[in-house]
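1. Here is my input, please return the structure:
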Amino acid sequence: MKKANKLASIRNIGIIAHIDAGKTTVTERILYYTGKSHKIGEVHDGEAVMDWMADEQERGITISSAVTTCQWKDREIQVIDTPGHVDFTIEVERSLRVLDGAVGVFCAVGGVQPQSETVWRQADRYHVPKIVFVNKMDRIGADYFGTIQMMRDRLGATPLILQIPVGAEDTFSGVIDLIEMKQIRWDDETLGANYTVMDVDAELKDDADLYRDQLLETLSEVDDGIMEAYLSESPVSTEAIVAAIRKATISMSLTPILCGTALKNKGIQPLLDAIVQYLPSPLDVSAISGVHPKTGEPIVCPPQEKAPLVALIFKVAMMEGRKLSFVRVYSGTLAEGADVYNPGRDKKEKLSRILRMHANKRERVESVGPGAIVGVLGLKDASTGETLCQPDHPVLLEKIDFYEPVISIAVEPKTHSDQEKFLQVLDKFIVEDPTLRVREDPDTGQVILSGMGELHLEVITSRMQREFGTQVNVGKPQVVYRETLGTPATGQAVFDKEMAGVRHYAGVTLKLEPLPRGAGNQFVSLVNETDISPALIQAIQKGVMESLESGILMGYPVVDVKATVSSVVAKESGGTELAFTVAASMAIRSALSQGNAFLLDPIMEVEIIVPEDFMGDVIGDLNARGGKIEAIEPKLGVQTLTATVPLAKMFGYSTSLRSATQGRGTFSMRFARFDRS
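-> Numbers count the residues shown, from 1 in each chain. Below you'll find the model as predicted:
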């Protein structure tokens, strides 16, 4: 019973929102009021506990999700503070995958902003119950009820208003709790640690009664007991209301709404109360299911300490040169020094240490049970999204979906000493970040780094310098073109040369014709086999194909042409393979120079998801880039455009799209073909 009570007291929550809505500021206040930290760290001063990376402190934004644990009213709250910038969406994705609940922080001025929509839908996809904290009620233009209406319109949510603000902008002084029907005012002198609970001011009583009635009416739609009391106008106990809200929140029928201003230290304690009262424990959510790695048989993993171990690695970080794996334990016990099995790689590994994390600080523990979110040292091969279990009870959990990168840069080490560690450093970043891709372009030899956006790649190159002392030059990747023929042309060449006492002689006449896009290169010989040996035909083919690897315009490969050899001239004493290879190559160059050769652009297939309001701007921008709209498919509130655009015109598109759609548009692209733009 004691173990079950302990599990029931755990809350695994994430703080999610658009950039600059105040997530990290809210988290800093949570740590201060729960006694986890003894000083409030401010984001604008670069002193936030959860923003510990140098790039985070310098830019004033969260880049990497950070984990910490605190206590509130005998409940253990494990908090993950996530980034709000779209470039770091994977940090939110993999955090939500292992969380039981979330706190959505909305700016009272900006309302439901673009990235708020993205993270909200991510949470919906993983069936994560949410409560909302409307922050920045002290700011000019703060609109509490306008923000709530935006939640209805943009998110399709059913808000449950638990508080109404007392004042707004510079007159915001506290909130009215509609459940207890009490007014709460915070003490500025104690940094909001002390607050007064009082009766509702007389001039605010009518508004409070109106919204209390709306609260009960909304609850009555999902709870029969509340409905009976509401219809009969009987009093409803606080316990009954809290129980109904908890049930509706966990089932995701309703979303409780609270408000405050984290920067001015108002509203955080009721938010903590709401977290422990309404968000689920590991016992309140459905037991996670996996499959047997060999048979595919479904396996349910109950949150019990005595059950076989099942845990998911949701993040990997390189800290102080060591690989730290962040793990959520779903079932069984994770013990220091234990052997664990990774069914995805069919490998056994030994855990060396288990660490409770507090941002970049850590505390060593011997073992943890279900519901724990910890850091683990000793896993050499494991990566994000992989399962840990017992060798005799193999289970494979569903992997985490990763996003495909949309923007690339070319990187190269500045000095010879940087060259030695350059690729090793890139390998470390790839282990950390599944949305990062590194490849070497076979045509140009450039190392191409691809990521989710310009800021994403900027942070990676900055970290290469700060953390690993590796200096790099950054530039645009070279666009690799192809060449082809515009009109049929005939080429003729004779090779006659004496080398090392051997006479080499051959004459080749051929015709070069353009083929449809994507047809590739073809070779045809019309020469009578009695006139020339098969070996010499192969030598001609070799000369043709090798010559087509480098065109006459800019040296790019020639594609989609047909070479037809019509006649050859040979001498018995001089008709060597070398002579025919060189003569064929010379004939190809002659034909290319007469055939109106032109460049083919790499054409990308681009899929863009954009709200309907911005369709005109997005289509206009695509047309300006030489794009062609292939299809438009309507979805809920958005349109999905499929277009083909030359790669050379797509540099900087992620920034242009965000500007044109107020940050609400997203896109992905992949290579389609080479074609004339």
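
2. And the residue nearest the centre of the chain, which helix or strand is it part of?
-> Central residue of the chain (C-alpha atoms, centre = their mean): Ile90, 2.7 Å from the mean position. Taking DSSP states H and E as the criterion, Ile90 maps to helix 89-96.

3. pLDDT score assigned to the residue nearest to the centre of the chain?
-> Reading off the confidence values, Ile90 has pLDDT 70.

4. Can you get me a residue count around the closest residue to Gly378 other than its chain neighbours?
-> Nearest non-adjacent residue to Gly378, counting by C-beta to C-beta, 6 or more residues apart in numbering: Ser352, 3.3 Å away. Heads up, the C-betas are built off the backbone N, CA and C, glycines and all. The local packing of Ser352 (other C-beta atoms under 10 Å) involves 12 other residues.

5. Contact partners for Ser352?
-> 336-337, 377-378 (C-beta atoms under 8 Å, 6 or more residues apart in numbering).

6. Which of these fall in helices?
-> Judged by DSSP state H, helices contain none of these.

7. which of those residues count as buried?
-> 336, 377-378 (16 or more other C-beta atoms under 10 Å).

8. Please report the number of neighbouring residues for Cys301.
-> 23.

9. Run through the bridge partners of it.
-> Applying DSSP bridges to Cys301 gives these bridge partners: Ile288.

10. where does it land on pLDDT?
-> In this model, Cys301 carries a pLDDT of 90.

11. do Val524 as well
-> For Val524, the model assigns a pLDDT of 94.

12. What helix or strand is it located in?
-> strand 522-525.

13. I'd like the distance from that strand to the chain centre, please.
-> Computed by C-alpha atoms, centre = their mean, to the nearest Å, the chain-centroid distance of strand 522-525 equals 48 Å.

14. CA-only coordinates of that strand in PDB, if you can.
-> Extracted in PDB, the C-alpha atoms of strand 522-525 (Å, rounded to 0.1, in the frame of the first residue of the first chain):
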ATOM      1  CA  GLN A 522      21.700   5.100 -73.000                       C
ATOM      2  CA  PHE A 523      24.400   3.600 -75.300                       C
ATOM      3  CA  VAL A 524      23.500   2.000 -78.700                       C
ATOM      4  CA  SER A 525      25.900   0.600 -81.300                       C
END
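
15. Pairing partners for that strand, with directions?
-> By DSSP bridges, strand 522-525 pairs with strand 561-569 (parallel).

16. Flag every buried residue along the partner strand.
-> 561-565, 568.

17. what's the lowest-pLDDT member of those residues?
-> Val568 (91).

18. May I ask you to confirm that that one is in contact with Ala584?
-> No. Taking contacts as C-beta atoms under 8 Å, Val568 lies outside contact range of Ala584: 9.1 Å.

19. Quickly list what's touching both of the two.
-> Joint contacts of Val568 and Ala584 (C-beta under 8 Å, 6+ apart) are 508, 540.

20. sec struct for Leu99, please.
-> Secondary structure assignment for Leu99 (DSSP: H, G, I helix; E, B strand; the rest coil): coil.

21. Need the nearest residue in space to it, chain neighbours excluded.
-> Per C-beta to C-beta, 6+ apart, closest to Leu99 is Gly14, 4.6 Å.

22. burial of the one you found, as a residue count?
-> 26.

23. host element of Gln424?
-> With DSSP H and E as criterion, Gln424 is part of helix 416-432.

24. And the next helix or strand past that helix?
-> strand 437-440.

25. which is the next helix or strand following that following strand?
-> Following strand 437-440 in sequence order, the next helix or strand is strand 447-451 (DSSP H and E).

26. now that next one: how far from the chain's centre is it?
-> 16 Å.

27. next one: stretch 576-586
-> That offset, for stretch 576-586, works out to 53 Å (C-alpha atoms, centre = their mean).

28. One more: stretch 24-31?
-> Distance, centroid of stretch 24-31 to centroid of chain: 24 Å (C-alpha atoms, centre = their mean).

29. okay, it in PDB with CA atoms only?
-> Only the C-alpha atoms of stretch 24-31 are listed here, as PDB (Å, rounded to 0.1, in the frame of the first residue of the first chain):
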ATOM      1  CA  THR A  24      11.300  29.100 -17.800                       C
ATOM      2  CA  THR A  25      10.200  32.000 -15.500                       C
ATOM      3  CA  VAL A  26       7.200  29.900 -14.300                       C
ATOM      4  CA  THR A  27       9.600  27.000 -13.700                       C
ATOM      5  CA  GLU A  28      12.000  29.200 -11.800                       C
ATOM      6  CA  ARG A  29       9.200  30.300  -9.500                       C
ATOM      7  CA  ILE A  30       8.000  26.700  -9.000                       C
ATOM      8  CA  LEU A  31      11.600  25.800  -7.900                       C
END
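
30. and it, which residues are buried?
-> Buried, per 16+ other C-beta under 10 Å, within stretch 24-31: 24-31.

31. contacting residues for Asp188?
-> 264-265.

32. separation between it and Met150?
-> Noted for Asp188: a distance of 30 Å to Met150, by C-beta to C-beta, to the nearest Å.

33. got it, and Gly371?
-> 34 Å.

34. One more: Thr461?
-> 36 Å.

35. Ile540 reaches Leu578, doesn't it?
-> No. Counting by C-beta under 8 Å, Ile540 does not reach Leu578; the two are 11.5 Å apart.

36. the more surrounded of those two?
-> Taking other C-beta under 10 Å, Ile540 and Leu578 do not tie; Ile540 has more neighbours (26 against 15).

37. who are the neighbours of whatever helix or strand the more buried one lives in, in terms of helices and strands?
-> Per DSSP H and E, Ile540 falls inside helix 534-547. On a contact count with 3 or more C-beta pairs under 8 Å, 6 or more residues apart in numbering; DSSP states H and E, helix 534-547 meets strand 502-514, strand 522-525, strand 561-569, helix 577-594.

38. looking at the ones you listed, which is closest to Lys361?
-> Lys361 lies closest to strand 561-569 among these, at 63.9 Å (C-beta to C-beta).

39. relative to helix 534-547, how tilted is the closest one?
-> Relative orientation of strand 561-569 versus helix 534-547 (axes from the mean of the first three to the mean of the last three C-alpha atoms, to 10 degrees): 140 degrees.

40. what angle do strand 561-569 and helix 577-594 make?
-> 130 degrees.

41. Give me the residues contacting strand 561-569.
-> Residues contacting strand 561-569 (C-beta under 8 Å, 6+ apart): 484-485, 494, 506-515, 521-527, 531-532, 536-537, 540, 544, 548, 580, 584, 588, 591.

42. Quick one: low-confidence residue ranges for the stretch 451-600 of the chain.
-> Along the stretch 451-600 of the chain, the parts satisfying pLDDT under 70 run over 452-453, 477-478, 574.

43. Could you tell me how far the residue nearest to Leu99 is located from Asp170?
-> 31 Å.

44. Leu657 now?
-> 37 Å.

45. Which one of those two is surrounded by more residues?
-> Leu657 (23 against 10).

46. correct me, but that one touches Val618?
-> Yes. Contact criterion C-beta under 8 Å: Leu657 and Val618 qualify, at 7.0 Å.

47. anything in contact with each of the two?
-> Joint contacts of Leu657 and Val618 (C-beta under 8 Å, 6+ apart) are 608, 610, 665.

48. Pipe those residues into TSV and attach neighbour count, secondary structure and pLDDT per row.
-> Listed next are the shared contacts of Leu657 and Val618 as TSV, based on neighbours: other C-beta atoms under 10 Å; DSSP: H, G, I helix; E, B strand; the rest coil; pLDDT from 0 to 100:
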residue	neighbour count	secondary structure	pLDDT
Ile608	26	strand	85
Val610	22	strand	84
Gly665	25	coil	79
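
49. List just the nearest of those to Thr642.
-> Ile608 (8.0 Å).
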